[in-house]
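Chemist: sequence-free structure coming up:
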């Protein structure tokens, strides 16, 4: 693993051995997010990408308030997907002018509150314009807006396609000129474009291609804009390895490409700054999910380690959060006493829920586990607690800690 090394034979988070951290937290299950891991990831990005490029953290990946506050000190902006996330972002101390709000179904109340906060709204529908115009008039300040564009291409090799073809996200590229005309007529403060083609991509060439196409599309659309482009968000798409055979994304060609775009924008759109927004890439590998073995159960020759955690806390690890073919997240076992033996056995790690879907590790190779031992699901910093059905079957909610 890139982060969470073994310390004296035991996995550590934030420099604290895991059994000691579990005692400090007081109960299992819990998520632990490592500050140093997040800072290291942002530093690596800064080193690989041009200095002029702005990096925003997409809070939907992990909106834990303490984590957001820490990330706010590392990045250049925050992207929110609800007014609830907006309030967390503002409480974290991020300048409102560096907060952007995207989402296909913003309510009238959310739009009004966002205008009042002074954040940048990514317009995703013609429906939003009269609401924003009315809010601007009522509050005495023009709404700051960018247009989220649904491009006529997608991000090849992406785990989740966010653009191209029919989508609920953004405004189809061919309809954007008309939207821009209406933004100008409504007197809104136009600032730029947001083009997000896809996510969870480990193919650098595909990311580069999407960024180039996004830039060219923005350049064409800028000819119809009611004012100069001040902000161009090229989206994200940077993936992290989850499964055997996955390799870390090569940042070098992406950095070269973005350096070229930063140079071009000075001539093409001289008042604009370029940004990317990343969520999973910044925090995904910086988090672990920790649960405790309650029972070692053998059924017709197969060993089950039954834990106090499961899909109600970590839906993604169970394979029920977008996986077409279920694959295991990296899973490790930490002994409650002593160190794990070198011999591995094939076991299934399951949770306490009354459903066969409650599976954290299917036929995983782990050291011999007994009740009291800890099971650690790695790559768990993104789309974990907040993306899971924690009320399912009435079990306790999961604890989250920043270490």
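Modeler: Here it is on my side, so go on. Keep in mind it's a predicted model, so treat the numbers as computed, not measured.
Chemist: Quickly find the element holding residue 364.
Modeler: With the criterion set as DSSP states H and E, the secondary-structure element containing residue 364 is strand 359-367.
Chemist: what mean pLDDT would you report for that strand?
Modeler: Throughout strand 359-367, pLDDT has a mean value of 96.
Chemist: ok, which stretches of the stretch 301-403 of the chain are strands?
Modeler: 302-307, 331-334, 344-350, 359-367, 374-377, 399-402 (DSSP state E, counting those that start in this stretch).
Chemist: Deepest-packed of those strands, please.
Modeler: For those, the stretch with the most neighbours on average is strand 374-377, a mean of 24; neighbours defined as mean count of other CB atoms under 10 Å. To be clear about C-beta, it is placed using only N, CA and C from the backbone, and glycine gets the same treatment.
Chemist: To residue 131, which of the strands of the stretch 301-403 of the chain lies closest?
Modeler: Among the strands of the stretch 301-403 of the chain, the nearest to residue 131 by CB to CB is strand 399-402 (34.5 Å).
Chemist: Could you pull out the helices in this protein for me?
Modeler: Here the chain has its helices, by DSSP state H, at 18-25, 35-48, 65-72, 83-91, 108-117, 128-139, 176-186, 204-222, 251-268, 280-283.
Chemist: Save the strands of the stretch 301-403 of the chain as JSON lines, and put in distance to residue 145 too.
Modeler: Compiled in JSON lines, the strands of the stretch 301-403 of the chain are given as follows (distance: least, CB to CB, whole Å):
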{"stretch": "strand 302-307", "distance to residue 145": "47"}
{"stretch": "strand 331-334", "distance to residue 145": "45"}
{"stretch": "strand 344-350", "distance to residue 145": "47"}
{"stretch": "strand 359-367", "distance to residue 145": "43"}
{"stretch": "strand 374-377", "distance to residue 145": "40"}
{"stretch": "strand 399-402", "distance to residue 145": "34"}
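Chemist: Tell me which of those strands sits nearest to residue 288.
Modeler: That would be, of these and by CB to CB, strand 374-377, which comes in at 5.2 Å.
Chemist: List the strands paired with that closest one, with their directions.
Modeler: strand 287-299 (antiparallel), strand 331-334 (antiparallel) (DSSP bridges).
Chemist: Of the ones you listed, flag the one that's most buried.
Modeler: Per-residue neighbour counts averaged over each of the strands paired with strand 374-377 give the maximum for strand 331-334, namely a mean of 22 (mean count of other CB under 10 Å).
Chemist: Please state the mean pLDDT value computed over that one.
Modeler: Strand 331-334 shows an average pLDDT of 96 in the prediction.
Chemist: Then stretch 5-16?
Modeler: Stretch 5-16 comes out with an average pLDDT of 82.
Chemist: Residue 111 reaches residue 129, doesn't it?
Modeler: No: between residue 111 and residue 129 there is no contact under CB atoms under 8 Å: 10.1 Å.
Chemist: the more surrounded of these two?
Modeler: Neighbour totals were compared for residue 111 and residue 129, and residue 111 leads with 21 against 18 (other CB atoms under 10 Å).
Chemist: Apart from its neighbours in sequence, what residue is nearest the more buried one?
Modeler: Once flanking residues are discounted, residue 111 sits nearest to residue 131: 5.0 Å by CB to CB, 6 or more residues apart in numbering.
Chemist: Around the one you found, how many other residues sit close by?
Modeler: Each residue near residue 131 was counted by other CB under 10 Å, and the total is 19.
Chemist: Does it touch residue 108 like I think?
Modeler: Yes: Residue 131 sits in contact with residue 108 when judged by CB under 8 Å, with a separation of 5.2 Å.
Chemist: Let me see the domain layout of the protein.
Modeler: For the chain, the structural domains run 6-32+284-402, 102-278, going by automatic domain parsing.
Chemist: That concludes my questions; thank you for your assistance.
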